[in-house]
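Engineer: Mind folding the following:
(one chain, ligands or ions: 2)
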Amino acid sequence: MGNWVWIPLVLFWTGGFAWAADNVRTALRNRHERKMEMLEAHRQERLALDASNRTPEPVCGCTHHLAKHDKQGRCHERVEIPVAWDENKKPLRFEAGQCNCQQYVGPQPLSTVYADELTDL
Ligand SMILES: [Zn+2]
Ligand SMILES: [Zn+2]
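Structural biologist: Ligands and ions are numbered 1, 2, ... in the order given. Got it, this is the predicted structure:
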């Protein structure tokens, strides 16, 4: 007996510690990676948000410039309205007309509300 009995114990302990330390390291790394992933996702969202906010031209949903709309939101841009179609539903003849856009000015779309909430995180 004597001191020899300690050797397997010490080996077991150091091995156990190494194993535990390894587990902790892995857990920490995983958490770190998850956090980085979250930050990256958040950054992407922010970039997308910036891009959507940085629309160079104030263009209406009807593709015409907002300046073409009057105070009531009615679009005054001249458009070509198809008046005759061939059998493939392809317009054959056009008539000059006025864009019938009413420039929707109702409640904000859901995506904008979402974006506002995200920036508070
Ligand atoms: Zn419009
Ligand atoms: Zn228009």
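
Engineer: The helix ranked longest in the chain packs against which elements?
Structural biologist: As assigned by DSSP state H, the longest helix anywhere in the chain is helix 6-53. If you count contacts as 3 or more C-beta pairs under 8 Å, 6 or more residues apart in numbering; DSSP states H and E, helix 6-53 packs onto helix 110-119. For glycine as for every other residue, the C-beta is placed from the backbone atoms N, C-alpha and C.

Engineer: Let's test this: mean pLDDT of the helix it packs on, rounded?
Structural biologist: Confidence over helix 110-119 (mean pLDDT, whole number) is 56.

Engineer: cool, and stretch 37-44?
Structural biologist: For stretch 37-44, the per-residue pLDDT averages 91.

Engineer: Which positions within it qualify as buried?
Structural biologist: Within stretch 37-44, no residue is scored as buried using 16 or more other C-beta atoms under 10 Å.

Engineer: From the chain's centroid, how far away is that stretch?
Structural biologist: 10 Å (C-alpha atoms, centre = their mean, to the nearest Å).

Engineer: Convert the C-alpha atoms of that stretch to PDB, please.
Structural biologist: Extracted in PDB, the C-alpha atoms of stretch 37-44 (Å, rounded to 0.1, in the frame of the first residue of the first chain):
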ATOM      1  CA  GLU A  37     -25.100  34.000 -34.500                       C
ATOM      2  CA  MET A  38     -27.700  36.100 -32.900                       C
ATOM      3  CA  LEU A  39     -25.700  39.200 -33.200                       C
ATOM      4  CA  GLU A  40     -25.000  38.400 -36.900                       C
ATOM      5  CA  ALA A  41     -28.700  37.800 -37.500                       C
ATOM      6  CA  HIS A  42     -29.500  41.100 -35.800                       C
ATOM      7  CA  ARG A  43     -26.900  42.900 -37.900                       C
ATOM      8  CA  GLN A  44     -28.300  41.400 -41.100                       C
END
